[in-house]
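Colleague: Need a 3D model of the following:
(4 chains)
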There are 4 protein chains.
Amino acid sequence: MDYQVILEEINNEIKPYLNQGKVADYIPALSQANSNDFAMSLQLLDGTSYHVGCSDLHFSIQSISKVFTFSLALDIYSKAIYNRVGHEPSGNAFNSLVQLEYEKGIPRNPFINAGAIVTTDSLISHHKSSLKAYEEIESFISSLCDESITFDETIYKSELECGFRNVALINLMKSFGNIDNDVQAVIKTYFKHCSLMMSTKQLCRSMLYLANHGTDPITNITHINEPKAKRINSLMLTCGHYDASGDFAFHVGLPGKSGVGGGIVALIPKKMSLCVYSPSLNKQGNSLVGTKALELFTTKTGLSIF
Amino acid sequence: MDYQVILEEINNEIKPYLNQGKVADYIPALSQANSNDFAMSLQLLDGTSYHVGCSDLHFSIQSISKVFTFSLALDIYSKAIYNRVGHEPSGNAFNSLVQLEYEKGIPRNPFINAGAIVTTDSLISHHKSSLKAYEEIESFISSLCDESITFDETIYKSELECGFRNVALINLMKSFGNIDNDVQAVIKTYFKHCSLMMSTKQLCRSMLYLANHGTDPITNITHINEPKAKRINSLMLTCGHYDASGDFAFHVGLPGKSGVGGGIVALIPKKMSLCVYSPSLNKQGNSLVGTKALELFTTKTGLSIF
Amino acid sequence: MDYQVILEEINNEIKPYLNQGKVADYIPALSQANSNDFAMSLQLLDGTSYHVGCSDLHFSIQSISKVFTFSLALDIYSKAIYNRVGHEPSGNAFNSLVQLEYEKGIPRNPFINAGAIVTTDSLISHHKSSLKAYEEIESFISSLCDESITFDETIYKSELECGFRNVALINLMKSFGNIDNDVQAVIKTYFKHCSLMMSTKQLCRSMLYLANHGTDPITNITHINEPKAKRINSLMLTCGHYDASGDFAFHVGLPGKSGVGGGIVALIPKKMSLCVYSPSLNKQGNSLVGTKALELFTTKTGLSIF
Amino acid sequence: MDYQVILEEINNEIKPYLNQGKVADYIPALSQANSNDFAMSLQLLDGTSYHVGCSDLHFSIQSISKVFTFSLALDIYSKAIYNRVGHEPSGNAFNSLVQLEYEKGIPRNPFINAGAIVTTDSLISHHKSSLKAYEEIESFISSLCDESITFDETIYKSELECGFRNVALINLMKSFGNIDNDVQAVIKTYFKHCSLMMSTKQLCRSMLYLANHGTDPITNITHINEPKAKRINSLMLTCGHYDASGDFAFHVGLPGKSGVGGGIVALIPKKMSLCVYSPSLNKQGNSLVGTKALELFTTKTGLSIF
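Modeller: Down below sits the predicted model:
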């Protein structure tokens, strides 16, 4: 298959959809994204990569960071992490407190905000320092994409100023005993890794180890063992898009994870990793054009896992 | 791979687990199943099949029928069916009324009871008769496995006498206008197809068209088109096991659907269909040994879709 | 105080509000009520009574019957009835299944539909016959107002045909083991006593025993003992108006019970009973003008219990 | 009636219950209360007062402060305060986030934690300073009981350190736009007035204006007008005891408000105010012996409002 031709086709076909969604505006820093921007990258296990659009533009990865932090936590804690966070779809909006309260402070999965906050807390406990935990996260992702990445100070501060609902979540979990460290330290670390800036090129490269069941096919470094890698992939499929996870599995048919900054990563096991970017979001808070582009991709290539 | 050897291995390895769960006892007829019974069948697209255990024993397929009724309804109504039933995981127990009430009588997906009741109602509307609708369901599944199947009168009557919660579900949906036909006629048709009796051999054969993207690879009959078949498969992955769907995706990594009678069907796209039977259930209401057997299968073969 | 003058004033002052609400239209029979009709009756413990408007018009008492059935059940079962129905406000709409599911089929109080269905079931158990139970209810209320009353066949049949949500409620409770008798027999008895037709004059008279702590001040018959009568009164205050009970206590300040047919009964302990009728309902399903009239009454007389 | 005799009787009759409940232990400072302590005070409108037990012992008034802060806020904002906090019973535990999320950050009533936090926020907005708002609250209650009162620094700091669920509540409301001021400033002010230390003698005296419809019968100062005072009283009846408000109305039959520190205030309109103290709590978080003592009081005197 000529992937470059397919990406170019997609780039044309998504144009009518570019302004249909709504750029995230819950913090000012995100609302300034250009809703005409679009990028799509894919990388095969042999390292060959294909790109279209502004694939070098750095955007806020937001919830995509949850994949990397969970990968680190699962590697460290193995099954023990499931005492603190489940692996079931949530059936509710991404930041709902309802389910969290009924389930005594145990988030349904690591890809909703509450679950990623718990994951972050577990990394701080492991490194005995929120600073070291953050540095580990940053350096892990940097090493994955072989480029130095960093977080955006403005976005980070905006999150800190406006993230009341996340502060509600962490305090609720703390009240149930499911947060070990200082609430402020944890939430700051969480907001920092959500504010990391990356391009589709970098994110696509960073996901390649998961497409290859845990081992980076280029460097040959095993970041996580095969069973755990498969479980992360299954989690992305069932829980990667909040309350539209079923819809994404239905239309796209790939494990993936979206961020409210407009990015979506996805992968085809043993074949390739993908990343799209377009900042306008659909009603469920996932990139509208990004979802469309991935649906076009699996339709054109027949590469859905189903 | 020598699938027969693998099935024999599994048959041995699951023995210690045989009495750990609990046979469904909400109706007397189901409670009499023998918790030592175990069967597993698999069939490749070329028709070759492998079996272990009591693979000719007929058991109550229960919720596995939801796959076939949804397949019929999706074929008839296409996207229009989604106005009446969603395609998102439910995040709640299989017969919860809570979500149904908050979501105004629209069930989250066709694989929870409420969703399958709506699907059944849609088939009755299409055939303008509950009797014809039931006959169509029975004859569809019979043709799929090329053997005549029928429902168990005792189980059907037990369901009618004890199924108060399902009667609550259908009346709640009726009050929201999401049931078109007479409540009694719909619930009876629903209980009838849940009471169909099949063996793992038959169920496995019946699922082969979905493993082959809608076209039976042996008869070459297309029962549903490829995009729709893929969507049914994705739905089985995200919603096939009630509130343990994430867990099943996590441990087994295959699209599948369980029934409270102890059966589970699963498939590996473009490769094979599978069916296991063991009547003791885990806490989420899925066959405990059946789930374990499928997990052993994907571990041994590396054939998880992730 | 000249109560007749006060009633006449209220009759004038409510005129601008007469068409602001919405007559119940969930069953055709109720929707034909005339939204210009208004009646108000009050009766002192010495038997003196005052009336304004169409105080002889018979209307469907609907949920007001819940007061009488609970009075009978509390008299029979005493505290044991609380094993099956609570005495807390519900904080949800009058027919919500959500709370009922979370609380395992035990309704919050006897004045929401689910609670009154349980009460009705308990009366059927006591009389070992649904017919006898209904006759006992009818004859109890008839004796209270010293006139023969009966239910409206058309309304009763409408309820039976359209009452899907109540059927959902009773089946849910049955699934939790909180309904002892046949579901159809209970629901029919429930709909019958909801369809009883009475005038404000009759209802006001019927409530006099509760205003007098259980003993009819005119006949001197004790229908329920004083502590139980006080508890029924407190229940009317905290739970008598579904999710607007707080609002009613707030604005009117009297124990009361409304029905979706447009009637509201209320009482001032050791002083008088009251009844208003006006069929247009406010958003919470209580008579809009009826509530207003009672608020005017306590404002003009200073007779709120607070 | 000889109230002193009645109080002495109650003091004897409650003895067997003194150790049945559980002293609040969510903060260390509260857990040190002596579960054998008991006090009860009542004061008539003419100023005569009666006391039994340790009626001069200062305890943490906790949620009883909600009555005074709501009184201040209702006086300032009148009906406008209802845009931010409702007046319906909550039907849920006192600190539940579920209902708050479903109802978009508008608490059900001012006597649950969320509601009192909103009330506190409104007072800070009015005084344009959290310090001044607190001083106003302290000086208002001091003037009501004619004695200088102050908050307990240890309890206040414990609350600040452990009050994660309240911090969750305020952040959730802030995310819905229902908190105007800085979250930390509001929560500190809230915890301060919860940590006020008062005796039953003082609390009883402080509630006398509400027993007299807003005007202190001894000083003749009107603190709030009559209609507003009646509404506060009705709110205490329907919402004063969290999810046991119906139970309290049922057994005691008086408007009242409990605090987790073991105190309960109550009143008989136009007759008297009451206060009891006993630190062991029942399952709903209200003083077990305090509730019992008030029930004995209304049984002995027949002074229930019903």
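Colleague: burial of the nearest residue to A:L42 once chain neighbours are set aside, as a residue count?
Modeller: Spatially, and ignoring its direct neighbours in sequence, A:L42 is nearest to A:L274 (4.7 Å; CB to CB, 6 or more residues apart in numbering or on different chains). Where C-beta positions appear, they are placed from N, C-alpha and C, glycine not excepted. Using other CB atoms under 10 Å in any protein chain shown, A:L274 has 30 other residues around it.
Colleague: how about A:L274, what does it touch?
Modeller: With contact taken as CB atoms under 8 Å, 6 or more residues apart in numbering or on different chains, A:L274 is in contact with A:40-43, A:204, A:207, A:254, A:256, A:265-268, A:294, A:297.
Colleague: and the residue nearest in space to the middle of chain A, which of the three is it?
Modeller: Geometric centre of chain A, nearest residue: A:I64, 1.5 Å, by CA atoms, centre = their mean. A:I64 falls in the helix class when you classify it by DSSP: H, G, I helix; E, B strand; the rest coil.
Colleague: And it, how close does it get to C:S90?
Modeller: 43 Å (CB to CB, to the nearest Å).
Colleague: Check A:I61 too.
Modeller: Separation of A:I61 from C:S90 (CB to CB): 45 Å.
Colleague: rewinding a little: quick one: which of the contacts of A:L274 is nearest chain C?
Modeller: A:G256 (32.7 Å; CB to the nearest CB).
Colleague: and the gap between the closest residue to that closest one other than its chain neighbours and A:P255?
Modeller: Leaving aside its chain neighbours, A:G256 sits nearest to A:A266 (3.5 Å; criterion: CB to CB, 6+ apart). Distance, A:A266 to A:P255, by CB to CB: 7 Å.
Colleague: Spit out the residues that contact the two alike.
Modeller: A:M236.
Colleague: I'd like the next helix or strand past the helix or strand hosting the residue nearest to A:L42.
Modeller: In the assignment (DSSP states H and E), A:L274 maps to strand A:272-277. Per DSSP H and E, strand A:272-277 leads on to strand A:280-281 as the next helix or strand towards the C-terminus.
Colleague: Can you name every helix or strand that that next one contacts?
Modeller: With contacts defined as 3 or more CB pairs under 8 Å, 6 or more residues apart in numbering or on different chains; DSSP states H and E, strand A:280-281 has these neighbours: strand A:22-23, helix A:288-301.
Colleague: which stretch in those has the least confidence?
Modeller: Note on those: strand A:22-23 shows the lowest mean pLDDT, a mean of 92.
Colleague: Name the strands paired with that one and say parallel or antiparallel.
Modeller: strand A:280-281 (antiparallel) (DSSP bridges).
Colleague: can you list contacts of the strand it pairs with?
Modeller: Residues from elsewhere that reach strand A:280-281 (CB under 8 Å, 6+ apart): A:18-24, A:35, A:260, A:262, A:287-289.
Colleague: Repeat that for stretch A:173-190.
Modeller: Contacts for stretch A:173-190 (CB under 8 Å, 6+ apart): A:84, A:100, A:104-107, A:114, A:116-118, A:120-125, A:130, A:133-134, A:137, A:160, A:163, A:166-167, A:170-171, D:164-165, D:167-168.
Colleague: Check stretch A:296-306 too.
Modeller: Contacts for stretch A:296-306 (CB under 8 Å, 6+ apart): A:1, A:6, A:9-10, A:13-14, A:40, A:237, A:249, A:252-255, A:268-269, A:271, A:274, B:227, B:230-231, B:233-234, B:237, B:255, B:269, B:305-306.
Colleague: Look at that stretch and report the distance between its end residues.
Modeller: 15 Å (CA to CA, to the nearest Å).
Colleague: Over to stretch A:281-294?
Modeller: 14 Å.
Colleague: what's the pLDDT at A:S206?
Modeller: For A:S206, the model assigns a pLDDT of 98.
Colleague: quick one: contacts for it?
Modeller: Applying CB under 8 Å, 6+ apart, we find A:S206 in contact with A:68, A:141, A:144-145, A:198, A:265.
Colleague: And for whatever residue of the stretch 201-306 of chain A ends up closest to chain C, the neighbour number?
Modeller: Across the stretch 201-306 of chain A, the shortest distance to chain C (CB to the nearest CB) belongs to A:D243, at 18.6 Å. Neighbourhood size, A:D243 [other CB under 10 Å]: 22.
Colleague: before we move on, what about A:G177?
Modeller: Around A:G177 there are 11 residues (other CB under 10 Å).
Colleague: Same question for A:A24.
Modeller: A:A24 has 21 nearby residues by other CB under 10 Å.
Colleague: Then A:Q284?
Modeller: By other CB under 10 Å, 18 other residues sit near A:Q284.
Colleague: what's the spacing between it and B:T154?
Modeller: Distance, A:Q284 to B:T154, by CB to CB: 45 Å.
Colleague: Could you export the lowest-mean-pLDDT helix or strand in chain A as CSV, CA atoms only?
Modeller: Lowest on mean pLDDT, DSSP states H and E among the helices and strands of chain A sits helix A:98-102, with a mean of 82. Extracted in CSV, the C-alpha atoms of helix A:98-102 (Å, rounded to 0.1, in the frame of the first residue of the first chain):
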residue,chain,number,x,y,z
VAL,A,98,-20.5,10.1,40.2
GLN,A,99,-19.0,6.8,39.4
LEU,A,100,-15.9,7.6,41.5
GLU,A,101,-18.1,8.2,44.5
TYR,A,102,-20.1,5.1,44.1
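Colleague: on contacts alone, who are the packing partners of it?
Modeller: helix A:164-175, helix D:98-102.
Colleague: gap between the first one and the chain center?
Modeller: Averaging C-alpha coordinates over helix A:164-175 and over its chain gives two centres that are 21 Å apart (CA atoms, centre = their mean, to the nearest Å).
Colleague: about what we covered before: format the helices and strands packed on helix A:98-102 as JSON lines; extra columns: distance to B:S280 and mean neighbour count.
Modeller: Converted to JSON lines, the helices and strands packed on helix A:98-102 look like this (distance: least, CB to CB, whole Å; neighbours: other CB atoms under 10 Å in any protein chain shown):
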{"stretch": "helix A:164-175", "distance to B:S280": "35", "mean neighbour count": "24"}
{"stretch": "helix D:98-102", "distance to B:S280": "35", "mean neighbour count": "20"}
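Colleague: and the stretch 1-150 of chain A, which of its residues are near chain B?
Modeller: A:86-92, A:99, A:108-109 (CB under 8 Å from any CB of the partner chain).
Colleague: Tell me where chain A has helices.
Modeller: A:3-13, A:28-31, A:65-77, A:98-102, A:113-127, A:130-145, A:153-162, A:164-175, A:183-194, A:200-206, A:208-211, A:226-239, A:245-251, A:288-301 (DSSP state H).
Colleague: If you average pLDDT over each of these, which is lowest?
Modeller: Looking at these, the weakest mean confidence is helix A:98-102, a mean of 82.
Colleague: Give me the contacts around that one.
Modeller: A:90-92, A:106-108, A:114, A:169, A:172-173, B:91, D:96-98, D:101-102.
Colleague: pretty sure A:V260 contacts A:I64?
Modeller: No: counting by CB atoms under 8 Å, A:V260 sits too far from A:I64 to count as a contact (9.7 Å).
Colleague: before we move on, the earlier item: kindly calculate the angle that the strand holding A:L274 makes with helix A:3-13.
Modeller: In terms of direction (axes from the mean of the first three to the mean of the last three CA atoms, to 10 degrees), strand A:272-277 departs from helix A:3-13 by 30 degrees.
Colleague: What is the neighbour count of A:F140?
Modeller: Look at A:F140: counted by other CB under 10 Å, it has 18 neighbours.
Colleague: Around chain C, which positions in chain A sit nearby?
Modeller: By CB under 8 Å from any CB, no part of chain A sits against chain C.
Colleague: so what's the residue of the stretch 201-306 of chain A found nearest chain D scoring on pLDDT?
Modeller: Nearest residue of the stretch 201-306 of chain A to chain D, counting by CB to the nearest CB: A:D243, 14.4 Å away. On pLDDT, A:D243 comes in at 82.
Colleague: All good on my end, thank you.
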